[in-house]
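Enquirer: Attaching a predicted model along with its sequence, questions to come.
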Amino acid sequence: MPKARAIEQIIEPDFVIEGAGVLLRRSFGPTRANRHDPFLLFDHFAFNDPIEGPIVGFPMHPHRGIETVTYMLEGNTRHRDSLGNMGVIGPGDVQWMTSGRGIMHEEMPKRGPNGRVDGFQLWVNLPAAQKMSPPRYQEVKESQIPRVNHEGASVRIVAGAFAGERGPVTEIAASPLYMDVTLEPGAEFTHEVPEGHTVMAYLFEGKALMGEPHEEDEPVAAVRMVTFVSGDRFKARALDDSPARFMFIAGEPFHEPIVPYGPFVMNTEDEIRQALADLRSGRFVDQNALQTP
């Protein structure tokens, strides 16, 4: 009989400043303990309080050994990288970047018509066998992401499958599920997930009963990251009097040791030293692609 996952932990994100003055709500970041394997970091970024001044964002910086996923809710982000990719992602768009052996990229946000920038960044680990693979880039526009309406749940599927529809982001080592779920009042969302996979939900609007609820359970209120114990079914239900919205995230852990160092996540300290040496010597990426047209 399927066993719904119960709540393991409710995380209240910390406020941190990254890049050139980006205010973030960080649920977790890379650590050697690797508690959320294969996921390394989850940030919710917003530019809604500071007065618009000098350009702030994430100027050109390196990555090795990970995948970064940017999902926009409001505003837009201009990006370019050492593969020669350049463009803008706006509301509902996704940028899924596989850094592999090394990539340089920048992400510079701009406010939307309502004066806001809002979105998420997720870091996904790469297994040891793929950490030095060629870098790869997937940009997905809002119109390419399927939306499924099912029994009061509206689900945008970035990666993985739900109700017969599959998301456009594919060939990711962790076999992730990444979905934007909106629940009408009283609606329920369930999804089968393999027993050993890591499962979490980032609730950013409203309140919901998460996991296998009981009468005495208190609803989780936004903004919170919720992690879950082992089981083969995820379940969430909005309260009867209000909607809820969350990012549903799941993936297969690699069970490998990691050594995080800033924008690098490798398996050994020697590999981190090599990444720094490659960066200093100019061997990290093809520098020709970094020239501004």
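Expert: That came through fine. In this text, all values refer to a predicted model and were calculated from it rather than measured experimentally.
Enquirer: going forward, measure contacts and count neighbours with C-alpha atoms only.
Expert: Fine.
Enquirer: Make sure residue 109 is indeed in a helix.
Expert: No - assigned with DSSP: H, G, I helix; E, B strand; the rest coil, residue 109 falls outside any helix and is strand.
Enquirer: ok, it to residue 254 distance?
Expert: Going from residue 109 to residue 254 by Cα to Cα, to the nearest Å gives 32 Å.
Enquirer: ok, those two, which is more surrounded?
Expert: Neighbours per residue (other Cα atoms under 10 Å) separate residue 109 from residue 254, with residue 109 holding more: 24 against 15.
Enquirer: so what's that one bridging to?
Expert: Beta bridges link residue 109 to residue 77 when assigned by DSSP bridges.
Enquirer: Please verify my assumption that it contacts residue 70.
Expert: No - assessed by Cα atoms under 8 Å, residue 109 is found out of contact with residue 70, at 11.5 Å.
Enquirer: Run through the strands of the stretch 151-293 of the chain in chain order.
Expert: For the stretch 151-293 of the chain, the strands defined by DSSP state E, counting those that start in this stretch cover 153-159, 161-162, 165-166, 177-183, 188-192, 198-210, 220-221, 224-228, 233-238, 244-251, 259-261, 264-266.
Enquirer: on contacts alone, who are the packing partners of the last one?
Expert: The contact analysis (3 or more Cα pairs under 8 Å, 6 or more residues apart in numbering; DSSP states H and E) places strand 264-266 against strand 259-261, helix 269-281.
Enquirer: List the neighbours of the last one that are in contact with it.
Expert: Surrounding helix 269-281, the residues in contact under the criterion Cα atoms under 8 Å, 6 or more residues apart in numbering are 64, 259, 261, 264, 265, 266, 284.
Enquirer: Of these, which qualify as buried by neighbour count?
Expert: 64, 259, 261, 264, 265, 266, 284 (16 or more other Cα atoms under 10 Å).
Enquirer: Select, from those, the two members most distant in space.
Expert: Across the buried ones among the contacts of helix 269-281, the longest distance by Cα to Cα is 18.5 Å; it joins 259 and 284.
Enquirer: Could you export the buried ones among the contacts of helix 269-281 as CSV, including pLDDT and distance to residue 115?
Expert: Output for these, formatted as CSV (pLDDT from 0 to 100; distance: Cα to Cα, whole Å):
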residue, pLDDT, distance to residue 115
64, 96, 33
259, 98, 38
261, 96, 34
264, 97, 33
265, 98, 34
266, 98, 38
284, 90, 37
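Enquirer: neighbours of the closest residue to residue 183 other than its chain neighbours, just the number please.
Expert: Leaving aside its sequence neighbours, residue 183 sits nearest to residue 153 (Cα to Cα, 6 or more residues apart in numbering; 4.6 Å). By the measure other Cα under 10 Å, the count of residues near residue 153 is 23.
Enquirer: Residue 153: what's it in contact with?
Expert: Residue 153 neighbours (Cα under 8 Å, 6+ apart): 181, 182, 183, 184, 187, 188, 189.
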